[in-house]
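Asks: Could you work out the structure for the sequence below:
(chains A and B)
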Amino acid sequence: GQQLNQSPQSMFIQEGEDVSMNCTSSSIFNTWLWYKQDPGEGPVLLIALYKAGELTSNGRLTAQFGITRKDSFLNISASIPSDVGIYFCAGQSYNTDKLIFGTGTRLQVFP
Amino acid sequence: DSGVTQTPKHLITATGQRVTLRCSPRSGDLSVYWYQQSLDQGLQFLIQYYNGEERAKGNILERFSAQQFPDLHSELNLSSLELGDSALYFCASSSPRGVQETQYFGPGTRLLVL
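Replies: Reported below is the predicted structural model:
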């Protein structure tokens, strides 16, 4: 099935560091979403982006909808141990409700 | 807690068997989506129902089927199970917010086919 290219695949960082991950697509999307998944749990929505160029924050998280509508990035500032998990981007086209997910970024935070 | 519930949480069965996974959407949500997450494939969209009607189909095998009932809960039926069907199966629900629909995921059902 179709998946978005998400990078990096894994990150190992120290507590307090900033994190950046991105997602690219060959297709244009109308909506970009960022989810976090903890082990054994379902994805939890972090940020939703609805307009090209939009920059949205949710606490220490900031995400942007790329101008070309083919990419998005997520930044986490001052990471803490509970940020550990897998982060997924997801894109949604205008004419469909289904989400296309990225391959995921596994984040590990060391104290 | 997203408000989406899924049962059972874990399911272990044998090849060739049939199982049914159940999902209750958030109160008021009309759309239900099913996704499969396996180690090598990530999250893959299977099928969407809206108010009882099938709305969109993804990479769903012919051995799999789903339905949404009048009370809006949904069931995903997996038959003639194969080893490769072992995966996490997630249900998500949404309601229109203007032109956008944000999906909220349930905790998933972990299926192991032996």
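Asks: burial of residue 104, as a residue count?
Replies: Looking at chain A here, since you left the chain open. Per other Cβ atoms under 10 Å in any protein chain shown, the neighbour tally for residue A:104 reads 24. Every residue, glycine included, has its C-beta placed from N, CA and C.
Asks: look at chain B instead
Replies: Per other Cβ under 10 Å, the neighbour tally for residue B:104 reads 21.
Asks: Residue A:51 is in contact with residue A:65, isn't it?
Replies: Yes - between residue A:51 and residue A:65 there is a contact under Cβ atoms under 8 Å: 6.2 Å.
Asks: More neighbours: those two, which one.
Replies: Neighbours were counted for residue A:51 and for residue A:65 using other Cβ under 10 Å; residue A:65 has more, 23 against 12.
Asks: doesn't residue B:92 make contact with residue A:97?
Replies: No - look at residue A:97 against residue B:92 with Cβ under 8 Å: they stay out of range, at 10.1 Å.
Asks: intersection of neighbour lists for those two?
Replies: residue B:33 (Cβ atoms under 8 Å, 6 or more residues apart in numbering or on different chains).
Asks: residues in chain A within reach of chain B, list them.
Replies: A:1, A:3, A:31, A:33, A:35, A:40-45, A:48, A:50, A:88, A:90, A:96-104 (Cβ under 8 Å from any Cβ of the partner chain).
Asks: ok, residue 3 - contacts?
Replies: Using chain A here. A:100-103, B:41-42.
Asks: The chain in question should be chain B.
Replies: With Cβ under 8 Å, 6+ apart, residue B:3 has these contacts: B:25-27, B:93, B:104.
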